[in-house]
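Visitor: Build the 3D model from these lines:
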Amino acid sequence: MSQQEKKILVIEDDRFISEVYLAKLSKEGFETILVSNGEDALKKAREESPDLILLDIFMPKIGGMDVLRLLKEKEETRGIPVVMLTNATEKEYIDNAMEMGACDYLVKSNYTPEEIVHKVLEHCN
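Guide: Below you'll find the predicted structure:
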């Protein structure tokens, strides 16, 4: 499957940040879907079956850690790789996310958008 056929679900409530990621991912040929809260994230994950999810922790309605837990509990979404993309640097968040099944944990301030796209490429191949 080529990148052009890969679908990325971006779950981010900061409009500016999400637009930057969408532009970079689209430029690489990914199909991107954006949602801005945890409730919509769960619905879109079921409807769209993305190849990868970029998930923020601090979001309206349902927080990212609960979204991750719910995704991994459901048979239909359990196998979707989830990369946490957040500003939360606390070890507790990192450990919990990895234990719950996240395939990576990226702190936004430590990576450029280009580096995040490279991480997506790593996890989508």
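
Visitor: Please point out which parts of stretch 95-111 sit buried.
Guide: 96-97, 100-106, 108 (16 or more other C-beta atoms under 10 Å). All C-beta atoms are positioned from the backbone trio N, CA, C, and that covers glycine.

Visitor: ok, these vs Tyr21, which is closest?
Guide: Checking the buried residues of stretch 95-111 against Tyr21 with C-beta to C-beta, the nearest one is Lys108 at 9.6 Å.

Visitor: So which residues of this protein form helices?
Guide: 15-27, 38-48, 64-73, 91-100, 113-123 (DSSP state H).

Visitor: nearest to Pro81, of those helices?
Guide: Nearest of the helices of the chain (C-beta to C-beta): helix 113-123, 5.2 Å.

Visitor: was I right about Lys53 contacting Leu42?
Guide: Just so we're on the same page, residue 53 is Ile rather than Lys. No - between Ile53 and Leu42 there is no contact under C-beta atoms under 8 Å: 10.5 Å.

Visitor: Out of the buried residues of stretch 95-111, which is nearest to Gly79?
Guide: Nearest to Gly79 among the buried residues of stretch 95-111, with distances taken as C-beta to C-beta, is Gly101, at 9.8 Å.
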